[in-house]
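Student: What shape does this take:
(one chain, ligands or ions: 2)
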Amino acid sequence: MSDAVWYHLNLCARGDVDDTVADAAIAVRDGRIAWLGAFAALPHEFASLPRHDLGGAWVTPGLVDCHTHLVYGGQRADEFAQRLAGASYEDIARAGGGIVSTVRATRAASEEDLLRQSAPRLEALLAEGVTAVEIKSGYGLDLDGERKMLRVARRLGERYPVAVHTTFLGAHALPPEFFGRSDDYISEVCDRMLPTLADEGLIDAVDVFCENIGFSLAQSERVFEAASRRGLPLKMHAEQLSNGGGARLAARWGALSADHLEWLDEEGVMAMRAAGTVAVLLPGAYYFIRETRVPPLDLLRRHGVPVALSTDSNPGTSPTTSLLLMLNMACTLFRMTVGEALAGVTRHAAQALGESRRHGCLEIGRDADFAVWGIDTLAELAYWSGRPLCRRVVRHGETVFLR
Ligand code: NIG
Ligand code: FE
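Tutor: Ligands and ions are numbered 1, 2, ... in the order given. Model (predicted):
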């Protein structure tokens, strides 16, 4: 079936710009990589397989978008206009808009409708070489609504050739019916929603929005405790709008990642380093809410914290479906290097999902999931914006997207 040798390509197998092979080949058997390296060294046993000439294109691992909220109903262009007129993201949230307005639209949508609205967003990611994506809940904020979102996420993973990892983000915002009773809502999240949805096999990881307009450290810790009891990996939206110490808490609980981090301090960086917690940076949200404080990249570098990049695709702070644009923004706005940015959407993003052994790197024995790029140098992945660079996506050895 998919057994073949892909050749006449430049290989960047580990998402490392300093580790490439010119005129390379990849041999695929049963959907997995059987061999890869310089074409001239192709072992004899693969000589008889069908061959695909990639015309000198670059090949990277399929990209990993490790933080998205791409399942939701409606859009929030009206709030964008309000913000342009001077309101802040926090102002709008406190006035009953923001996340809660998407909650209304998401609750009102049927499962089919939600699937229909969300699918084009996943298609756009796939067309840019993404073969693994994380999708969070968090716009249902009740058992039925969260279940509906997570079911849609699972169905997207069945319908499209993309590995979908689901994250339960019941603690994303306070639903209106719990107004003034946030501790009670956290009890609902921990005692009912999380265990029920975990039993239904809908949760791969658990996230919490730790922030003044989200949930406190103590409430976040309750969510972590409930998730840990179930053996579920942890993530946190931390230090996005203020320095609340969320990243330290996330590290203390051994979270896979802490995400956003514009307000992260050195203590938080050191705690993340010690715990092996990945820093997921989200330049699309930084850009769209017109944040001016950049995440502390020098500290992250100095302490050797792995940095991932993601779209944060969502209707309120990052209405984008372009992971390549995030590379561009990470370089221009955060001053990341091209090498850092590419690592951020391959091996570091896989690590942020707890899937380092499955995604973000091409090696013998792994799934043959790779992206083929119409570029002359890898730097072009971060250089262009709005240009369709991805020529082909291969998943399990089969071409699943072709331009
Ligand atoms: O990652 N900060 C919290 N959650 C999202 C925004 C969600 C929304 O505004 O709808 C984020 O930025
Ligand atoms: Fe987010």
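
Student: switch to C-alpha atoms for all contacts and neighbour counts from now on
Tutor: Will do.

Student: Please report the distance of L353 from ligand 1.
Tutor: 16 Å (CA to the nearest ligand atom, to the nearest Å).

Student: Show me what from the stretch 251-400 of the chain comes close to ligand 1.
Tutor: Proximity of the stretch 251-400 of the chain to ligand 1, by CA under 6 Å from any ligand atom, involves residues 285, 312, 314-317.

Student: give me the residue from the stretch 1-150 of the chain nearest ligand 1.
Tutor: In the stretch 1-150 of the chain, the residue found nearest to ligand 1 is I99; the distance is 4.2 Å by CA to the nearest ligand atom.

Student: now, among the residues of the stretch 251-400 of the chain next to ligand 1, which is nearest to H52?
Tutor: Closest approach to H52 among those (CA to CA): D312, at 34.8 Å.

Student: just checking, the closest one touches L125?
Tutor: No - taking CA atoms under 8 Å as the definition, D312 is not a contact partner of L125, at 12.0 Å.

Student: out of those two, which sits in the more crowded spot?
Tutor: Shown here are D312 and L125; by other CA atoms under 10 Å, D312 has more neighbours (31 against 24).

Student: name the element the more buried one belongs to?
Tutor: Taking DSSP states H and E as the definition, one finds D312 inside no helix or strand.

Student: Relative to W35, how far out is it?
Tutor: Taking CA to CA, to the nearest Å as the measure, D312 and W35 are separated by 34 Å.

Student: same question, D183
Tutor: Between D183 and W35 the computed distance is 54 Å (CA to CA).

Student: try L63
Tutor: L63 sits at a distance of 20 Å from W35 (criterion: CA to CA).

Student: Counting neighbours around each, name which of the two comes out higher.
Tutor: L63 (32 against 18).

Student: Which residues does that one form beta bridges with?
Tutor: Listed beta-bridge partners, L63: V130 (assigned using DSSP bridges).

Student: what's the least confident helix or strand in this protein, going by average pLDDT?
Tutor: The weakest-scoring helix or strand in the chain, judged by mean pLDDT, DSSP states H and E, is helix 89-94 (a mean of 93).

Student: Could you give the separation of that one from the chain centroid?
Tutor: Taking CA atoms, centre = their mean, to the nearest Å, the mean C-alpha location of helix 89-94 is offset from the chain mean by 24 Å.

Student: May I have that helix exported as PDB, CA atoms only?
Tutor: Extracted in PDB, the C-alpha atoms of helix 89-94 (Å, rounded to 0.1, in the frame of the first residue of the first chain):
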ATOM      1  CA  TYR A  89      -9.800  42.100  26.900                       C
ATOM      2  CA  GLU A  90     -10.400  42.100  30.600                       C
ATOM      3  CA  ASP A  91     -13.000  44.900  30.500                       C
ATOM      4  CA  ILE A  92     -15.000  42.900  28.000                       C
ATOM      5  CA  ALA A  93     -14.800  39.700  30.100                       C
ATOM      6  CA  ARG A  94     -15.800  41.500  33.300                       C
END
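
Student: most centrally placed residue in the chain?
Tutor: Centrality entry for the chain: nearest residue to the mean C-alpha point is C66, 1.8 Å, by CA atoms, centre = their mean.

Student: How about that one, nearest residue that isn't a chain neighbour?
Tutor: Closest residue in space to C66, ignoring its immediate chain neighbours: E134 at 4.9 Å, by CA to CA, 6 or more residues apart in numbering.
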